[in-house]
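Asker: Below: sequence and its predicted model.
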Amino acid sequence: MLKNPRAEQRPVHHCKFRPLLFCFTFILLALALACSRAAEQPATTTANNDPDQLLRQMSERLAQAKNLSFKVERKLDGALVEGRNVAENAVIEISVSRPGKFHAKSDSTDNARQIFFDGQSLSIYDQTMKLYATAQVTGTIDEAVAKIDETYGFTPPLAEFILSDPYGALSKQIKTKTYKGKESIAGVECHHLSLSADEADSALWIGTADLLPRKLVATFKNREGNPQLQAVFSSWNLTPTLDDKMFTFVAPKDTEKIEMVTEAQMKEAAAKESAAPEVPTRKIRDTSHKEEGNLKR
Amino acid sequence: MKTTNRSYRGKFRAALELGKTISRVALVGALVLSSVSVALAQVYGVRRTAVVRGPNTTVVASRTTIVAGGTALPHGYIAALPGGYRAVVVSGARYYTVGGVYYRPQIYGGRTVYVRVHI
């Protein structure tokens, strides 16, 4: 009688692969068990020492506030101040009305500036020199910050903290997050997080009770001398009463409107400079000449 | 029988390879998608981002640099006026002069800068 060769081979094959299948199933089960245990554990630990969870909670707290206002004492090392090499200490007061309005007032030792955004336009007012510039920027705060960055090459001070998703904005830059313990900042107990990114390493302190940012120190590690930005947050109010008028700039008397230069225009000027460094950048006609006197700087 | 075992082993290896390929593609896809979504990348108001947009305004590249002190402004621009300057009005526009040099104020990078002009 002829034997079917397949009928003979199948059991042999099954016998040989059965241990492998057992191993595979066992590994899967073990992995599933480990995952379920890992998922259970953070419930007891995230609130205290999971840096990612703390960053998320801080972000949610900020994002949930329709209106918010806070104060920042910002210290910038000279190397981070554009065009200068002088350290800058400024007190910045920020008011936000989501989704599309903010106002920032910055007072430093030699200059007072304000930024207004009302969803239709962005104005920068140099209070010290009595000068202002306005640009048409529309949309939400997120859209405005992106547009300002792209077109005008800067971001409003500490913009990450007023976006609709601060966690998203911060975590895009952060490579590693470490929990460093609890510390007191200006009498407030805080979680101390260490955040590492390509350009800067930061230390961030988040209040243990209110989960709001209390201090930030960023060290720009790729720059000569490792310049630092230090920001101490205070006067948090997540339910302020804000008048809509405060977000719209109305030019005071004796102020002059000047041009807001775009990144492209500045690049063009730089290109002209490299082509002909001796040539003056601009010429204007002298039609009338009136002396105004020295203004306070 | 040996031939059949070999063919099963071959299929098993092929399946493993396929699995690896799928996970590689998924990983690369996730990385590409995450980088495409990078539209905002500032560091605390002192970092500037150059965003390259593709068709339909999708971000295809993003390069970030730190604003440099002293060297960021092109030749002819200054961040602060030298001491002893005077303000003058020419054709209704305000200029500043010091040592025979004239400057016109502009806003750049959120701050007032001064560009050298010839009157």
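Answerer: That came through, no problem.
Asker: okay, CA-based contacts and neighbour counts for the rest of this
Answerer: Will do.
Asker: where in chain B is pLDDT low?
Answerer: Residues of chain B meeting the criterion pLDDT under 70: B:1-72.
Asker: Over to the stretch 151-297 of chain A?
Answerer: For the stretch 151-297 of chain A (pLDDT under 70), the answer is A:276-297.
Asker: quick one: the helices in it?
Answerer: Applying DSSP state H, counting those that start in this stretch to the stretch 151-297 of chain A gives helices spanning A:166-171, A:263-275.
Asker: does the longest one come close to chain B?
Answerer: In other words, helix A:263-275. Yes. Helix A:263-275 comes into contact with chain B (C-alpha under 8 Å from any C-alpha of the partner chain), by way of A:M266, A:A269, A:A270, A:E273.
Asker: Closest to A:I174 out of those?
Answerer: Nearest to A:I174 among the residues of helix A:263-275 next to chain B is A:M266, at 29.8 Å by C-alpha to C-alpha.
Asker: Setting aside sequence neighbours, what's the nearest residue to that closest one?
Answerer: Distances taken as C-alpha to C-alpha, 6 or more residues apart in numbering or on different chains place B:P74 nearest to A:M266, at 7.4 Å, with adjacent residues excluded.
Asker: In contact with the one you found, which residues?
Answerer: If you count contacts by C-alpha atoms under 8 Å, 6 or more residues apart in numbering or on different chains, B:P74 has them with A:M266, A:A269, A:A270, A:E273.
Asker: how would you label it: helix, strand or coil?
Answerer: The assignment at B:P74 comes out as coil when based on DSSP: H, G, I helix; E, B strand; the rest coil.
Asker: does A:Q173 really touch A:L195, like I thought?
Answerer: No. Counting by C-alpha atoms under 8 Å, A:Q173 stays clear of A:L195, with 9.4 Å between them.
Asker: Among those two, which residue is more densely surrounded?
Answerer: A:L195 (22 against 19; other C-alpha atoms under 10 Å in any protein chain shown).
Asker: who's the more buried one bridged to?
Answerer: A:K177, A:S202 (DSSP bridges).
Asker: Just the terminal-to-terminal distance for stretch A:178-194.
Answerer: 5 Å (C-alpha to C-alpha, to the nearest Å).
Asker: actually stretch B:85-93, not the one I typed
Answerer: 16 Å.
Asker: Sort out which residues of it are buried, please.
Answerer: Buried residues in stretch B:85-93, counted by 16 or more other C-alpha atoms under 10 Å in any protein chain shown: B:Y85, B:R86, B:A87, B:V88, B:V89, B:V90.
Asker: Helix, strand, or coil at the closest residue to A:I94 other than its chain neighbours?
Answerer: Among residues not flanking A:I94 along the chain, A:A104 sits closest, at 4.4 Å (C-alpha to C-alpha, 6+ apart). At A:A104 the chain is in strand, as set by three-state DSSP.
Asker: My understanding was that A:A104 contacts A:F117; is that so?
Answerer: No. Assessed by C-alpha under 8 Å, A:A104 is found out of contact with A:F117, at 9.0 Å.
Asker: Between these two, tell me which one has more neighbours.
Answerer: Using other C-alpha under 10 Å as the criterion, A:A104 and A:F117 rank with A:F117 on top: 28 against 21.
Asker: bridging residues for the more buried one?
Answerer: Here A:F117, judged by DSSP bridges, has bridge partners A:F102, A:L122.
Asker: That one touches A:F102, doesn't it?
Answerer: Yes. Judged on C-alpha under 8 Å, A:F117 makes contact with A:F102 at a distance of 5.3 Å.
Asker: re earlier: tell me which of the helices of the stretch 151-297 of chain A is the most buried.
Answerer: helix A:166-171 (a mean of 20; mean count of other C-alpha atoms under 10 Å in any protein chain shown).
Asker: what distance separates that helix from the middle of the whole chain?
Answerer: Distance of helix A:166-171 from the chain centroid (C-alpha atoms, centre = their mean, to the nearest Å) equals 7 Å.
Asker: What does the residue nearest to A:M266 show for phi and psi?
Answerer: phi -70, psi 170 (degrees, to the nearest 10).
Asker: and the residue nearest to A:I94, what is it in contact with?
Answerer: A:I92, A:E93, A:I94, A:S95, A:Q114, A:I115, A:F116, A:P157.
Asker: among those residues, which ones are buried?
Answerer: Looking at these with 16+ other C-alpha under 10 Å, the buried ones turn out to be A:I92, A:E93, A:I94, A:S95, A:Q114, A:I115, A:F116, A:P157.
Asker: now, among these, which is nearest to chain B?
Answerer: Distance ranking of the buried ones among the contacts of A:A104 against chain B, using C-alpha to the nearest C-alpha, places A:P157 first at 4.5 Å.
Asker: how close does the closest one sit to A:A269?
Answerer: As judged by C-alpha to C-alpha, A:P157 and A:A269 stand 26 Å apart.
Asker: can you check B:Y114 too?
Answerer: Separation of B:Y114 from A:A269 (C-alpha to C-alpha) stands at 13 Å.
Asker: nearest spatial neighbour of B:Y114, skipping sequence neighbours?
Answerer: The shortest distance from B:Y114 to any residue other than its chain neighbours is 4.4 Å, reached at B:P105 (C-alpha to C-alpha, 6+ apart).
Asker: Doesn't that neighbour belong to a strand?
Answerer: Yes. B:P105 forms part of a strand when assessed by three-state DSSP.
Asker: how deep is it tucked in, by neighbour count?
Answerer: 26.
Asker: Touching, it and A:M260? I think so.
Answerer: No. Look at B:P105 against A:M260 with C-alpha under 8 Å: they stay out of range, at 9.7 Å.
Asker: if I look at the two, which residues touch both of them?
Answerer: When contacts are counted by C-alpha under 8 Å, 6+ apart, B:P105 and A:M260 have no shared neighbour.
Asker: quick one: the strands in the stretch 101-250 of chain A?
Answerer: Shown for the stretch 101-250 of chain A, the strands assigned by DSSP state E, counting those that start in this stretch span residues A:101-108, A:112-117, A:122-126, A:131-135, A:174-185, A:188-197, A:200-207, A:213-220, A:228-237.
Asker: quick one: the longest one to strand A:228-237, angle?
Answerer: Spelled out, that is strand A:174-185. With axes from the mean of the first three to the mean of the last three C-alpha atoms, to 10 degrees defining the directions, strand A:174-185 sits at 60 degrees from strand A:228-237.
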